[in-house]
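**Q** Got a predicted structure plus its sequence, pasted below:
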Amino acid sequence: MTTPRPGDPGWMDYLAEGNARQARKRTCADAVIRDADGRVLLVEPSYKNGWDLPGGMAEANEPPVDALRRELREELALDLPVRRLLCLDWVAPHEPWDDLIAFVFDAGTLTAGQAAAVRPRDEELKACAFFSPAKAFPLLPRAQRRRLERALAALDSGQTAYLHNGIPPW
């Protein structure tokens, strides 16, 4: 059988078949949000143990930046400008989950008034608080801690980090 070419009859069916067979990647988008003292905002989800960066999973065909903005509005009532990508982390399959692409964006620094007003607005969060990086790191799962460490380094260096399970692959 000859592979159809663009414009041939069957071309769209050929593309649809390829799309149906190719791997799908789960995607999450998180934010580094700081207060005027340089502390980092963490959230405590109600559906899992421990703390996390604010953000969440993208819906089907949703751009990561849009997913982040949506999650911040839904869970914290924050409408923040997303400044830039700090790191991109490929997370290997683990437990029941397939692999994941995790984006971490800079969502800026809140004023003292904005930071004081931040609170959970959705049942998915039990709590949220600002922590110094030194206090935030031990609260996070290992992969998330590594991601935050690299994201904070990217804020200082201006260089986006590419990671595999929170570690640069080279």
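**A** That came through, no problem. It should be emphasised that the depicted structure is a prediction, and the values quoted were computed from it without experimental measurement.
**Q** Assign a three-state SS to the most centrally placed residue in the chain, would you?
**A** In the chain, the centroid-proximal residue (CA atoms, centre = their mean) is residue 29; its distance is 2.1 Å. On the three-state scheme (DSSP: H, G, I helix; E, B strand; the rest coil), residue 29 is labelled strand.
**Q** residues contacting it?
**A** Counting by CB atoms under 8 Å, 6 or more residues apart in numbering, residue 29 makes contact with 55-56, 58, 64-65, 67-68, 71, 102-105. Where C-beta positions appear, they are placed from N, C-alpha and C, glycine not excepted.
**Q** Can you flag which of the residues you listed belong to strands?
**A** 55-56, 102-105 (DSSP state E).
**Q** Which of these ranks first by neighbour count?
**A** Neighbour counts for the ones in strands among the contacts of residue 29 (other CB atoms under 10 Å) peak at residue 104, which has 29 neighbours.
**Q** List the contacts of it.
**A** Residue 104 makes contact with 29-32, 53, 85-89, 147-148, 150-151, according to CB under 8 Å, 6+ apart.
**Q** Between which two of these is the distance greatest?
**A** Largest separation among the contacts of residue 104 by CB to CB: 29 and 150, giving 15.5 Å.
**Q** Give me the buried stretch members for the lengthiest helix in the chain, please.
**A** When every helix of the chain is counted residue by residue (DSSP state H), the longest turns out to be helix 142-157. Of the residues in helix 142-157, those scored as buried under the neighbour-count criterion (16 or more other CB atoms under 10 Å) are 143-152, 154.
**Q** same deal with stretch 123-138?
**A** Neighbour counts using 16+ other CB under 10 Å place 125, 128-131, 136-137 of stretch 123-138 among the buried residues.
**Q** Quick check: mean pLDDT of it?
**A** When the per-residue pLDDT values of stretch 123-138 are averaged, the result is 97.
**Q** Show residues contacting it.
**A** Residues lying outside stretch 123-138 but in contact with it, judged by CB under 8 Å, 6+ apart, are 34-35, 37-47, 51, 54, 56, 75-76, 115, 118-120, 139, 145, 148-149, 152.
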